[in-house]
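Engineer: fold the following and give me the result.
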Amino acid sequence: MPSQYPQIISNNKIDSILKRIRTAAKPEKLSQELLTTWGFTASNDRAMPRVLKALGFLSDSGEPTEYYDRLRDTHEWKRVLGERVRSTYSDLYAMDPAIHGASESEIKGAISRITGKDEETVRRYYLTFKALSSLADFDPAPSTSKSRKVDAEPATVTLEPTPAPPAAASASSIPLTSSIPHRKSEYHYNIQIHLPVTTDISVYNAIFKSLRENLGV
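Structural biologist: A predicted model of the protein is given here:
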C-alpha cells in the first residue's frame with residue numbers, strides 16, 4: 001500500500017512541461033535547473049521531476065528512462081502516459097479499472113482509503129491524478145501484427161471446347177474403314193462417305209465399284 005502519490009500544486013503546468021519534453025533535446029538529467037532554463041521558474045514547478053520519477057519517466061537520479069523516450073514521441077506520448085498512470089496508481093485501478101472516469105468523490109474516497117492521508121493531501125493527490133489522466137490515452141495498444149487486406153486475385157477460368165456429339169448414323173452416311181499395308185508399318189484410315197440420295201441403284205454400284213478398285217475395300 002503506497003504511503004503517498006505524486007503531487008504538484010501547480011497542476012496546470014503539467015501539460016506545458018510535457019510539451020517541452022517533446023520539443024527539447026533529450027537531457028542527460030532532468031533537474032529543477034533544467035526546468036528553469038526551459039522557463040518554468042515558479043517554485044511549484046520544482047516538484048515536477050519528482051512526479052516524473054514516480055511515473056517512471058526518470059530514474060531516481062534523474063536520468064531519462066526508456067519511457068521518457070516514448071514520452072517524446074508525438075504519436076506515442078499519450079499512450080505511454082496512460083500506461084504509466086495505470087502502473088503508478090495500480091491500487092486505484094485494482095479497485096476500479098476505469099477509475100480515471102469515476103466521479104471526484106469516488107476517486108477521493110479511494111485515495112483516502114489507500115493512503116490514509118488527511119483531506120488536504122488527498123485533494124492534492126486527486127488534482128494531480130486528474131491532470132495526468134486527462135492527458136493520457138487509456139485505450140489498449142493496437143496489435144503489432146496488423147491484419148493486411150489482400151485483394152483476391154480474380155480466378156482464371158479456362159474453358160475447354162466441348163466436343164460435338166457424334167453425328168447419328170443415317171442411311172446416307174456410311175463409315176468405312178480400310179487398312180492399307182505399307183512396308184513394315186500399318187496405317188489405319190477412317191473414311192466417311194456421304195452417299196447421294198437417289199433411287200437409281202446404279203449410282204451406288206458405281207461408287208462401291210470405284211472403292212474396290214482404288215482402295216481394295
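Engineer: just to be sure, Thr41 is in a helix?
Structural biologist: No: with DSSP: H, G, I helix; E, B strand; the rest coil as the criterion, Thr41 is located in coil rather than a helix.
Engineer: what is the neighbour count of it?
Structural biologist: Thr41 is flanked by 11 other residues according to other Cβ atoms under 10 Å. In short, each C-beta sits where N, CA and C put it, glycine included.
Engineer: report pLDDT for it.
Structural biologist: Looking at Thr41, its pLDDT reads 92.
Engineer: what of Arg212?
Structural biologist: Looking at Arg212, its pLDDT reads 76.
Engineer: now do the contacts for Leu58.
Structural biologist: Neighbouring residues of Leu58 by Cβ atoms under 8 Å, 6 or more residues apart in numbering: Leu30, Pro49, Leu52, Pro64, Thr65, Tyr68.
Engineer: among those residues, give me the pair with the biggest separation.
Structural biologist: Greatest spacing in these, by Cβ to Cβ: Pro49 and Thr65 (12.8 Å).
Engineer: any buried residues in stretch 30-47, and which?
Structural biologist: Buried residues in stretch 30-47, counted by 16 or more other Cβ atoms under 10 Å: Leu30, Gln32, Leu34, Leu35, Trp38, Phe40, Asp45, Arg46, Ala47.
Engineer: now those residues as JSON lines including distance to Lys108?
Structural biologist: Shown next, in JSON lines, are the buried residues of stretch 30-47 (distance: Cβ to Cβ, whole Å):
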{"residue": "Leu30", "distance to Lys108": "30"}
{"residue": "Gln32", "distance to Lys108": "29"}
{"residue": "Leu34", "distance to Lys108": "33"}
{"residue": "Leu35", "distance to Lys108": "29"}
{"residue": "Trp38", "distance to Lys108": "32"}
{"residue": "Phe40", "distance to Lys108": "28"}
{"residue": "Asp45", "distance to Lys108": "25"}
{"residue": "Arg46", "distance to Lys108": "25"}
{"residue": "Ala47", "distance to Lys108": "20"}
